[in-house]
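Undergrad: sequence first, then the predicted structure, then my questions.
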Amino acid sequence: GSFTKYLLIFDINKTLLYRVRSIAEKNIIQSHPAYRGKSDGQFKDNQVINRPHLSSLFKTLLTRDNLPRPFDVAVWTSAQHHNAKLLATHILTPPLGPNTSPLKYIWHRDQCDVLSEFEKDDSQKPKVIKNLSKIWQKEFSDLGEERYTEENTIIVDDSLEKLHLYPRNAIVIPAFDIKDSSVDFTKDCELLRLEKYLKQLRESDVDDVREYLVKFPFAEYPLA
């Protein structure tokens with residue numbers, strides 16, 4: 001039968017994985033009690049450590065038999081374009097197998113609004129805003145009779161600051177930061193919690209996702 005089309009957009013770094021960017025960070029992580037001596041991938045000179053439950057989340061979202069009404073899934077990272085594709089490929093490794101939908105698109109820093117300030121923890125990286133209206137104006141937003149709109153778009157990110165133009169479309173997930181030695185990052189369950197939350201949202205089939213996100217905030221959603 002008919003159902004509402006939802007577009008689900010993911011940030012990558014600190015939302016789905018952690019990209020170890022400097023030698024100082026690498027040294028901190030290698031001395032972390034939870035570090036098991038291996039990363040989940042090598043990305044240029046950076047190690048990549050996946051957030052737990054990453055592959056389960058994407059298998060659920062992209063395998064057509066798992067959800068009665070699938071999401072359209074995309075990524076939008078503030079990484080540069082040549083890195084964005086590599087990171088997106090990493091997320092879907094190992095391949096999810098047959099009967100899976102591809103990502104709708106991969107957006108990167110070129111599609112962000114770049115500000116004149118820089119991130120406080122990285123003097124080389126400019127602050128950015130992800131302006132969702134760019135998606136709603138794009139030609140590719142056509143879905144036959146339906147379009148991606150404010151009513152059917154959700155973005156998952158660890159930074160509300162980047163999403164402040166459209167906060168009601170945002171699921172803000174706690175950042176996956178593996179530098180704190182008092183926290184066992186291998187026991188992080190946020191993506192498991194997110195998977196359950198998104199399944200319920202998808203089942204609800206609401207006409208306007210913003211109403212659902214306000215009524216049932218992810219921040220208050222239990223894991224159990």
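TA: Received, thanks.
Undergrad: show me how far the longest helix seen in the chain is from its chain's centre.
TA: The residue-count maximum for a helix in the chain (DSSP state H) belongs to helix 190-204. On the basis of C-alpha atoms, centre = their mean, to the nearest Å, helix 190-204 sits 13 Å off its chain's mean C-alpha point.
Undergrad: mind listing what's buried in that helix?
TA: Using 16 or more other C-beta atoms under 10 Å as the burial criterion, the residues of helix 190-204 that qualify are Glu190, Leu191, Arg193, Leu194, Glu195, Tyr197, Leu198, Leu201, Arg202. All C-beta atoms are positioned from the backbone trio N, CA, C, and that covers glycine.
Undergrad: and it, what does it pack against?
TA: Counting by 3 or more C-beta pairs under 8 Å, 6 or more residues apart in numbering; DSSP states H and E, the packing neighbours recorded for helix 190-204 are helix 54-62, helix 209-215.
Undergrad: looking at this protein, which helix or strand is least sure?
TA: strand 142-143 (a mean of 52; mean pLDDT, DSSP states H and E).
Undergrad: mind telling me which of the helices and strands packed on helix 190-204 the model trusts least?
TA: Comparing mean pLDDT across the helices and strands packed on helix 190-204, the lowest value falls on helix 54-62: a mean of 91.
Undergrad: what is the neighbour count of the spatially closest residue to Thr186 that is not a sequence neighbour?
TA: Distance criterion C-beta to C-beta, 6 or more residues apart in numbering; nearest residue to Thr186, sequence neighbours excluded, is Ala34 at 4.9 Å. Counted with other C-beta atoms under 10 Å, residues neighbouring Ala34 total 13.
Undergrad: same deal with Asp207?
TA: So Asp207, with other C-beta under 10 Å, has 10 neighbours.
Undergrad: let me see the contact set for Lys14.
TA: Contacts were defined as C-beta atoms under 8 Å, 6 or more residues apart in numbering; by that measure Lys14 touches Asp158, Ala175, Phe176, Asp177.
Undergrad: that older thread, pick the most buried one from the helices and strands packed on helix 190-204.
TA: Of all the helices and strands packed on helix 190-204, helix 54-62 carries the top mean neighbour count, a mean of 18, counting by mean count of other C-beta atoms under 10 Å.
Undergrad: which helices and strands does that one pack with?
TA: Applying 3+ C-beta pairs under 8 Å, 6+ apart, we find helix 54-62 packed against strand 72-76, helix 190-204.
Undergrad: show me where this structure has its helices.
TA: Assigned by DSSP H, the chain shows helices spanning 23-30, 54-62, 81-91, 133-137, 190-204, 209-215.
Undergrad: between the contacts of Lys14, which is nearest Thr60?
TA: Using C-beta to C-beta, Phe176 is the member of the contacts of Lys14 that lies nearest Thr60, at 18.5 Å.
Undergrad: that closest one against Lys187, yeah?
TA: No. The pair Phe176 and Lys187 fails to qualify as a contact (C-beta atoms under 8 Å) at a distance of 11.8 Å.
Undergrad: ok, His90 to Asn99 distance?
TA: For His90, the distance to Asn99 equals 21 Å [C-beta to C-beta, to the nearest Å].
Undergrad: which one's more surrounded, those two?
TA: Using other C-beta under 10 Å as the criterion, His90 and Asn99 rank with His90 on top: 19 against 10.
Undergrad: no more questions from me, cheers.
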